[in-house]
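*Asks:* Sequence and predicted structure below; questions after.
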Amino acid sequence: MASAKLPYLHGVALSLAGNFGPLSPAAGVTWAKAGTGFFSGVVVGYLLAVLMSISRTAEKIAFPYLIASQMIPVLGLVLYKMSKSFTFAARKSRAPVSLSMAVELPPS
């Protein structure tokens with residue numbers, strides 16, 4: 001059994017409604033920072049895509065880094081999920097556990 005439980009949805013809604021005044025400025029700052037990050041990412045991504053479509057050298061330089069940057073969140077989630085399942089499986093079977101991953105890049 002979990003040591004802490006999440007509150008019910010109606011409890012969260014009532015708390016949000018009761019504290020709406022103090023939370024509004026913080027929510028505005030959060031949305032502004034998230035919007036700034038999103039739109040700056042869009043601009044950088046668009047410029048990088050245009051540069052890569054114009055220059056084959058820029059594409060060869062940037063492509064491996066772009067693939068690696070897409071894999072970082074996936075690897076983190078996979079390792080977290082596997083660590084949870086392997087602890088249970090390792091206790092049950094007492095077998096050594098190995099982790100391997102294959103990354104396939106498109107042909108150039």
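*Replies:* Okay, I see it.
*Asks:* helices and strands around the host helix or strand of Val78, which ones?
*Replies:* In the assignment (DSSP states H and E), Val78 maps to helix 56-93. Here helix 56-93 touches helix 20-54, going by 3 or more CB pairs under 8 Å, 6 or more residues apart in numbering; DSSP states H and E. For glycine as for every other residue, the C-beta is placed from the backbone atoms N, C-alpha and C.
*Asks:* Show me what counts as buried in the helix it packs on.
*Replies:* Met52 (16 or more other CB atoms under 10 Å).
*Asks:* secondary structure class for Lys5?
*Replies:* coil (DSSP: H, G, I helix; E, B strand; the rest coil).
*Asks:* Just want the phi and psi numbers for it.
*Replies:* Backbone torsions for Lys5, taken as degrees, to the nearest 10, come to phi -110, psi 150.
*Asks:* that older thread, got the buried residues for the helix holding Val78?
*Replies:* In helix 56-93, counting by 16+ other CB under 10 Å, buried: Glu59.
*Asks:* ok and it relative to helix 20-54, angle-wise?
*Replies:* Counting by axes from the mean of the first three to the mean of the last three CA atoms, to 10 degrees, helix 56-93 points 120 degrees away from the direction of helix 20-54.
*Asks:* quick one: pLDDT of the residue nearest the centre of the chain?
*Replies:* Nearest to the mean C-alpha position of the chain, by CA atoms, centre = their mean, lies Pro73 at 4.6 Å. pLDDT recorded at Pro73 is 78.
*Asks:* gap between the helix or strand of the chain with the lowest mean pLDDT and the chain center?
*Replies:* One helix or strand of the chain scores below all others by mean pLDDT, DSSP states H and E: helix 56-93, with a mean of 76. Distance of helix 56-93 from the chain centroid (CA atoms, centre = their mean, to the nearest Å) equals 11 Å.
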